[in-house]
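Student: What shape does this take:
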Amino acid sequence: MATRTDAYPDVAIPPGEYLSEEIEARSISQKELAKRMRRPANAINEIINGKKAITAETALQLEVVMPEIPARFWLNLETDYQLTKALAKQRA
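Tutor: Below you'll find the model as predicted:
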């Protein structure tokens, strides 16, 4: 059975970009978000800059800080990002 890859975007957008937009909309700094999540500020910065993945634990922490955005949303963004990167690499 062939895998269908044409339904995926060509550009991989790191979930940290969405996180950055969300905290900006809430007027929360990266440092404040890190404090609320009880995480090092550099970990949040690495997520926002696409250098660190959003894990299940991180997604749950984000849900606590921003309860209207479920942990599953953050994990789905990460999964889609990783899959799109892998497909782009495969196509190259």
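
Student: What ranges does this protein have for its helices?
Tutor: 15-25, 30-37, 41-48, 56-65, 71-91 (DSSP state H).

Student: what packs against the second one?
Tutor: Read that as helix 30-37. helix 41-48, helix 56-65 (3 or more CB pairs under 8 Å, 6 or more residues apart in numbering; DSSP states H and E). For glycine as for every other residue, the C-beta is placed from the backbone atoms N, C-alpha and C.

Student: okay if I get those helices as JSON lines plus mean pLDDT and distance to Trp74?
Tutor: Formatted as JSON lines, the helices and strands packed on helix 30-37 follow (pLDDT from 0 to 100; distance: least, CB to CB, whole Å):
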{"stretch": "helix 41-48", "mean pLDDT": "97", "distance to Trp74": "10"}
{"stretch": "helix 56-65", "mean pLDDT": "97", "distance to Trp74": "4"}
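
Student: Need the helices of the chain in JSON lines (columns: mean neighbour count).
Tutor: Converted to JSON lines, the helices of the chain look like this (neighbours: other CB atoms under 10 Å):
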{"stretch": "helix 15-25", "mean neighbour count": "17"}
{"stretch": "helix 30-37", "mean neighbour count": "17"}
{"stretch": "helix 41-48", "mean neighbour count": "18"}
{"stretch": "helix 56-65", "mean neighbour count": "17"}
{"stretch": "helix 71-91", "mean neighbour count": "15"}
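
Student: re the thing from before, rebuild the helices and strands packed on helix 30-37 as TSV, extending it with distance to Leu83.
Tutor: Below are the helices and strands packed on helix 30-37 laid out as TSV (distance: least, CB to CB, whole Å):
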stretch	distance to Leu83
helix 41-48	18
helix 56-65	16
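
Student: any idea of the pLDDT on the spatially most central residue of the chain?
Tutor: The centre of the chain sits closest to Pro15, judged by CA atoms, centre = their mean, with a distance of 2.7 Å. For Pro15, the pLDDT comes out at 95.

Student: my guess is it contacts Ile47, does it?
Tutor: Yes: between Pro15 and Ile47 there is a contact under CB atoms under 8 Å: 7.4 Å.
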